[in-house]
Every structure is written in structure tokens, then in C-alpha cells.
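In: show me how the following folds:
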Amino acid sequence: MLEIQAVLEGGPADLPTELRNQFVTDGTDKIKVNHYGGHEHFERAPAMLPGPVNAGPAVYRWTMRTKVAE
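Out: Prediction:
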């Protein structure tokens, strides 16, 4: 499967840069990141323009935080 560059927008300000810029399998709609006893959830934003004009990284926007069950 093809891997694409993903950029995570929003969420906690202290989320490390290396987590905000990562590679994911193409077709991934949701990303969940472990962060300080919880999970930060991001969903893929719709592409602004289809095709090669929009060949930059896929943008995932923060949607919510959940706590890890104990």
C-alpha cells in the first residue's frame, strides 16, 4: 500500500512536532495519537482541490480527546 504524508492540525498545543507530521497508509480516514493519558483523535479533512494541484500532505483535523480506561 502507498504511504502518504499526513499533517495533524488542532488539538493540544504541546503535541510534539514529530507526531504532527507523519506518514500513514493512503486511505486512512482517522488517526489516534496517545498523549498524556488519553487519545487525541484526528479525521482527514476533505481535499480542497482534486488531483495533482492538491499534491501536498493530507490534512487531518483534531476532533476530540478520549481518556484511557483504567
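In: for the protein, which segments are assigned as helices?
Out: Listed from the start of the chain, the chain has helices (DSSP state H) covering 17-20.
In: where does it dip in pLDDT?
Out: Counting by pLDDT under 70, the ranges of the chain that qualify are 48-55.
In: quick check: longest strand of it.
Out: strand 58-67 (DSSP state E).
In: chain center to that strand, what's the gap?
Out: For strand 58-67, the distance between its averaged C-alpha position and the chain's averaged C-alpha position is 7 Å (CA atoms, centre = their mean, to the nearest Å).
In: can you check stretch 29-46 too?
Out: Centroid displacement of stretch 29-46 relative to its chain, using CA atoms, centre = their mean, is 6 Å.
In: end to end, how far does that stretch reach?
Out: Stretch 29-46 has an end-to-end distance of 10 Å (CA to CA, to the nearest Å).
In: go through it and flag the buried ones.
Out: I31, V33, E40, H41, F42, R44 (16 or more other CB atoms under 10 Å). From N, CA and C alone the C-beta is placed, and that goes for glycine too.
In: cool, and stretch 7-20?
Out: L8, G11, L15, R20.
In: could you measure the third one against F42, distance?
Out: Right, the one you point to is L15. Remark: distance between L15 and F42 (CB to CB, to the nearest Å) = 10 Å.
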